[in-house]
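*Asks:* Model the following, please.
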Amino acid sequence: MRPRAIFLIGLPGSGKTTWVERYRPAPDQPFAVISTDRLIEREAARLGIAYDEAYRQLPSKKLAAEARRLTRQAVERGWDVVIDRTNLRAPTRATFLRLFPPAYVRAAIVFAVPWAELERRLTARAEAGGHRVGPRALAEMAAIYDPPGEGEFDLVTFHQG
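*Replies:* Numbering: from 1, shown residues only. As a prediction, this is how the structure comes out:
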C-alpha cells in the first residue's frame, strides 16, 4: 500500500483536528500529524505561557520551517502524513507537496462548514480557554482561500465538518 499525504484544508473551527482525532490508518501503517497548533501548544507549555501569547511570539516562518522538517522526517520513514493546518493557499500547500516523493498518494480533504457554525465553534473554543480566532481574522482567512487546483492532488474529498 502506498503511503499517503493527507492535506486537511479548512478554516479554523471547521473540524480538521477533530477529524485527526478519529483518523485510523491501517494498523501496520505508522503516521505523523503535522500541526501548527500542536507546535504552538508545545512551545506555550515549554515557556509556561498561554497559546495566544505563544502564537503572537512565534514567527510564522519558524513554525512553517519546523512543520516542513517534521514532514521530511516522516517521509524518510515512509509514514503516512496528515498535514493539519489551514492549508488555504495553493503556494503554501505546494511547499509541502514538494516534500512528498511520487510514491505518495496526495489527498486533500476540504472541510466545508456554514459560517454561523464556524463562529459558534470558535466562540465556544475561546470560552473554554482555547485559542481565539476573531471574526475579522476568520474573514481574512476566508478571503485568501484557493480551492484545490487541477492536478494538485490525486484525490480531493469534501467533508461537512
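
*Asks:* List the buried residues of the worst-scoring helix or strand of the chain on mean pLDDT.
*Replies:* The least trusted helix or strand in the chain, going by mean pLDDT, DSSP states H and E, turns out to be helix 51-57, with a mean of 81. Buried residues in helix 51-57, counting neighbours by 16 or more other Cβ atoms under 10 Å, are found at 51, 54-55. Where C-beta positions appear, they are placed from N, C-alpha and C, glycine not excepted.

*Asks:* What is the subsequent helix or strand relative to it?
*Replies:* For helix 51-57, the succeeding helix or strand toward the C-terminus, using DSSP states H and E, is helix 60-76.

*Asks:* other SSEs contacting that next one?
*Replies:* Other elements packing on helix 60-76 under the criterion 3 or more Cβ pairs under 8 Å, 6 or more residues apart in numbering; DSSP states H and E are strand 31-35, helix 36-47, strand 80-84, helix 90-97.

*Asks:* Tell me the helix or strand right after the last one.
*Replies:* Reading on from helix 90-97 to the C-terminus, the next helix or strand found by DSSP H and E is strand 105-111.

*Asks:* just checking, what packs against that following strand?
*Replies:* Contact partners of strand 105-111 among helices and strands, from 3+ Cβ pairs under 8 Å, 6+ apart: strand 4-9, helix 16-22, strand 155-159.

*Asks:* what's next to it, contact-wise?
*Replies:* Outside of strand 105-111, the residues that reach it under the criterion Cβ atoms under 8 Å, 6 or more residues apart in numbering are 2-11, 14-16, 19, 87, 97, 100, 147-148, 152-159, 161.

*Asks:* what bits of this structure have low per-residue confidence?
*Replies:* Within the chain, the stretches with pLDDT under 70 are 161.

*Asks:* related to what we said a few turns ago, so which other helices or strands are in contact with the least confident helix or strand of the chain?
*Replies:* Counting contacts by 3+ Cβ pairs under 8 Å, 6+ apart, helix 51-57 packs against helix 36-47.

*Asks:* buried stuff in the helix it packs on?
*Replies:* Residues of helix 36-47 classed as buried under the neighbour-count rule (16+ other Cβ under 10 Å) are 36-37, 39-41, 43-44.

*Asks:* tilt between that helix and helix 60-76?
*Replies:* With axes from the mean of the first three to the mean of the last three Cα atoms, to 10 degrees as the basis, helix 36-47 and helix 60-76 are set at 110 degrees to each other.

*Asks:* List the contacts of helix 36-47.
*Replies:* Outside helix 36-47, the residues that touch it by Cβ under 8 Å, 6+ apart are 17, 50-51, 53-55, 58, 63-64, 66-67, 84-85, 131.
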